[in-house]
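Trainee: with the sequence up front, the predicted model follows.
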Amino acid sequence: MILNNVALGSRIEHRQLLENSHSDMSSFLPLGADGWGTIDKRTTVPLTTVDAYCDERHITTVDLLKIDTQGFELEVLCGARQMMARQAIRLVYLEIVVSRMYENLPGLDEMYRALLNAGFSLVCFYSFYFRDNRAAWTDALFVHSDYQSARHWPAPHSNNEQPAPPPPPPPPGIVTRKLSKNAG
């Protein structure tokens, strides 16, 4: 494993990181109505793309692309267009924010459509996090259809289903709820 101090987005550029008093809320996007903390510092950082990063390091396949960028996930996906077009990314695990935590957030439909158009299908939503009795964010796993076919990936809700690992504890003031499979 190689750790890198690098920011990812849709293009190679410099951008201001809005550093929040609650570090888990730091983002390239301004706080929205449902966000918390305060912006303590603005730091200009270099951004690259997944495509450029992989090209520079001669990485031909990504088994799991994990994205948790506080509302910037779609930008990271856009920066992985070439890798996704070559079907070089097998799994995408990302956070999807569905509240007004940040300004200018893409909608759930935009996130889903971007992955669907790139040949991915939804495997599962994991724990939903709630604020004020409304869904605020969740994590989701997507698998590329070619990888799913080649690996005989078990279908969701099959007898081969394994429980998801427990999520990390939420920040103060956040309520989590488990959704029942039989709810409806």
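Mentor: Thanks, I have it. Residues are numbered from 1 along each chain as shown.

Trainee: where is the longest helix in the chain?
Mentor: Counting residues, the longest helix in the chain under DSSP state H turns out to be helix 108-117.

Trainee: ok now the next helix or strand after that helix, how far from the chain's centre?
Mentor: Remark: after helix 108-117, the chain's next helix or strand is strand 120-131, criterion DSSP states H and E. Here strand 120-131 is found 10 Å from its chain centre; the criterion is CA atoms, centre = their mean, to the nearest Å.

Trainee: quick revisit: for the longest helix of the chain, packing partners?
Mentor: Applying 3 or more CB pairs under 8 Å, 6 or more residues apart in numbering; DSSP states H and E, one finds that helix 108-117 makes contact with helix 73-78, strand 89-97. All C-beta spots, glycine's among them, are computed from the backbone N, C-alpha and C.

Trainee: put the alpha carbons of the shortest one into CSV.
Mentor: What it means is helix 73-78. Written as CSV, here are the backbone C-alpha positions of helix 73-78 (Å, rounded to 0.1, in the frame of the first residue of the first chain):
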residue,chain,number,x,y,z
GLU,A,73,-17.5,12.5,-5.3
LEU,A,74,-19.0,13.3,-8.7
GLU,A,75,-16.0,15.5,-9.6
VAL,A,76,-13.7,12.6,-8.7
LEU,A,77,-15.8,10.2,-10.9
CYS,A,78,-15.6,12.7,-13.8
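
Trainee: show me where the protein has its strands.
Mentor: Along the chain, counting by DSSP state E, strands occupy 7-8, 13-20, 39-48, 62-67, 89-97, 120-131, 134-144, 175-177.

Trainee: which residue ends up closest to the midpoint of this protein in space?
Mentor: In the chain, the C-alpha nearest the mean C-alpha coordinate belongs to Leu94, at 2.5 Å (CA atoms, centre = their mean).

Trainee: nearest spatial neighbour of that one, chain-adjacent residues omitted?
Mentor: The shortest distance from Leu94 to any non-neighbouring residue, by CB to CB, 6 or more residues apart in numbering, is to Ile67 (4.1 Å).
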